[in-house]
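[1] Structure, please.
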Amino acid sequence: IPEGSQSTMRDYPVLRLMGIVFLILTGGLCPSLLYALMNEPRMVLPFAGTALIGLSFSVYALKSTEYARRMRLSVRGGILFMGSAWFAMSLFCCLPYWTSGHYTLLQALFESASALTTTGTSCIPDDVPYPSSLLIWHEIIQWLGSMQAMVLFSVIMPRMGATAAAIFSAEGQGVSAERTLPQIHEIVRLLVMLYVGLTLFQTVCLILTGLDPLTSLRMAACTISSSGFIRDTNFLEEHNSIAMEVVIAFFMLVTATNYVLLFRLVQRRYSVFLHDSERKWYVAIVLITAVAVISNLQWNHVYDSFGQSVRYGLFQVISIFSTSGLASTDYTNWPPFVHMLLFYAAIIGGCSASTAGGIKISRLVVLTKICILEVKRVLHPKMVSSVIMSGKPVAQNTIIGVTRYLFVYVLLMLILTALYSLTGTGMIEALSTIVVFLNNVGPAYTVLGETSNFQNLSSFGYIVLYFAMIVGRIEIVSFVILLRPDFWKQRKGW
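    All right, here's what the predicted structure looks like:
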């Protein structure tokens, strides 16, 4: 077989997987299309046309690669798929928005990327009419987008064999995820079931607080997905229900935890859950930040009682760490110290292998331990030691990967902030906005408390924020690999 033909054949598994992903998204169109048929006739054509395009591509991709069903996905193919899937999905998912006539093309891309990456923002203000079928579509794809890593791995992993570790690292789930590799074939589908189960469990809990079943389901979907997208940004503030806030805060905390650990907990392997280093650091960091926020709110007499400071302060800390971005109150006038803590929380995010964004707790822990270790080596040059996570030494290539990721992250954040400031936005607001979008936080208010409104953003601004959302979700290093010319030229050895 000619070399060019062999190179093309290596890409067939990628095309096949794209067909599967598009088939899932096409299935996700059904509720919106059904609702449009019954209540919004003018939205039938946008959804039907999108479904036809998705189904046509899926059939073509699956039929033309029928003989590639047993082909293993190469490392290069895996990186290509994981790096390009988010861009391809956002283009497909924007079609109902664009063809509805309510959005320009850039606004449609912004809206679909916001949903898929669970950033949870919208360029359409609350007081502007919004087709209910589009709202259903937005909520469905944000839920599917959050579950994408687990759903895709259930398809990818059986076809990857020895290359699984490389692709799993490319997805950037952090250090803790490495321990899942020996059992990944057996547990990945169960992780998806856990994700669905948590959504249904939260729905039941919210019903018990007095919410109607449909609203409870929609609220659970936006919480478990860490999207936090609610059409009415004042939803929690208007309901003013402590029971509802407790339920939502609990599930935000849970969904930002490593799902592999949650699965071990379901297996009753309590020792694995209790001795996990990342979980310990996660709980400690959230509690310390919450104490600092509550103390500062109380010190500055923001609320009349200590109970209110605890209620609103703890909820907002958990919300930002989980990158859900939900707001139970307007924290615009909170003290600057609190805003800075929320800013740091947005950067850190949740645990690896969770639905949360951010740089992940595991990377922060490894970097902290590296710094401590280097200080010890200066004092004791002959000391031999290593970075330990959950009682096991961290591999040297993992340590290099963490430091490389953090350097690229900071560099990209600075570049995007500079580009976004070209829209006329002030330096602090530009930095805050980029942190929100790069870490897929997207709250009702930015981490500095300013109300988010992107309706009148310039075309260049939409492009910058779209890029920030997608790159933040596909993992930065994977995107950088795709930009290298030799990735596309050299296909041997992958």
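
[2] Only C-alpha atoms from now on, for both contacts and neighbour counts.
    Noted.

[3] Just want the most central residue of the chain.
    Centrality entry for the chain: nearest residue to the mean C-alpha point is G357, 4.6 Å, by Cα atoms, centre = their mean.

[4] Surely that residue is in contact with V435?
    No - using Cα atoms under 8 Å, G357 is not in contact with V435, being 10.8 Å away.

[5] re earlier: contacting residues for the residue nearest to the centre of the chain?
    322-323, 349-350, 439-441, 472-473 (Cα atoms under 8 Å, 6 or more residues apart in numbering).

[6] So which bits of the helix or strand where T26 lies are buried?
    Using DSSP states H and E, T26 sits in helix 12-28. Buried residues in helix 12-28, counted by 16 or more other Cα atoms under 10 Å: 12-26, 28.

[7] and of these, the nearest to F315?
    Closest approach between the buried residues of helix 12-28 and F315, by Cα to Cα: G28, at 31.3 Å.

[8] For the closest residue to the closest one other than its chain neighbours, give its distance to L45.
    Spatial nearest neighbour of G28, chain neighbours left out: I140 (6.6 Å); criterion: Cα to Cα, 6 or more residues apart in numbering. Here the criterion is Cα to Cα, to the nearest Å. By it, I140 lies 19 Å from L45.

[9] Of these two, which one has the most company?
    Legend: neighbour count by other Cα atoms under 10 Å for I140 and L45, higher for I140 (21 against 16).

[10] helices and strands around the strand or helix carrying the more buried one, which ones?
    The secondary structure element spanning I140 is helix 132-146 (assigned by DSSP H and E). Identification of packing neighbours for helix 132-146 by 3 or more Cα pairs under 8 Å, 6 or more residues apart in numbering; DSSP states H and E yields helix 12-28, helix 30-39, helix 105-116, helix 213-224.

[11] need those helices in CSV with mean pLDDT and distance to N240, can you?
    Shown next, in CSV, are the helices and strands packed on helix 132-146 (pLDDT from 0 to 100; distance: least, Cα to Cα, whole Å):
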stretch, mean pLDDT, distance to N240
helix 12-28, 87, 32
helix 30-39, 94, 30
helix 105-116, 92, 26
helix 213-224, 93, 15
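
[12] okay if I get those as JSON lines plus distance to G461?
    Below are the helices and strands packed on helix 132-146 laid out as JSON lines (distance: least, Cα to Cα, whole Å):
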{"stretch": "helix 12-28", "distance to G461": "27"}
{"stretch": "helix 30-39", "distance to G461": "29"}
{"stretch": "helix 105-116", "distance to G461": "10"}
{"stretch": "helix 213-224", "distance to G461": "26"}
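
[13] Ok, which of those comes nearest L482?
    Closest approach to L482 among these is made by helix 12-28 (14.4 Å; Cα to Cα).

[14] number of nearby residues for the residue lying closest to M427 once chain neighbours are set aside?
    Excluding its sequence neighbours, the residue lying closest to M427 (Cα to Cα, 6+ apart) is S421, at 6.5 Å. If you count neighbours by other Cα under 10 Å, S421 ends up with 17.

[15] so S421 sits right up against S432, yeah?
    No - using Cα under 8 Å, S421 makes no contact with S432, being 11.2 Å away.

[16] where do the helices sit along the stretch 251-400 of the chain?
    259-266, 270-274, 277-299, 306-321, 336-348, 361-379, 396-421 (DSSP state H, counting those that start in this stretch).

[17] Among those, which comes closest to L109?
    helix 396-421 (17.2 Å).

[18] Show me what the helix or strand following the closest one is packed up against.
    Past helix 396-421, further along toward the C-terminus, the next helix or strand under DSSP H and E is helix 427-438. Using 3+ Cα pairs under 8 Å, 6+ apart, the elements in contact with helix 427-438 are helix 336-348, helix 396-421, helix 459-474.

[19] That'll do, ta.
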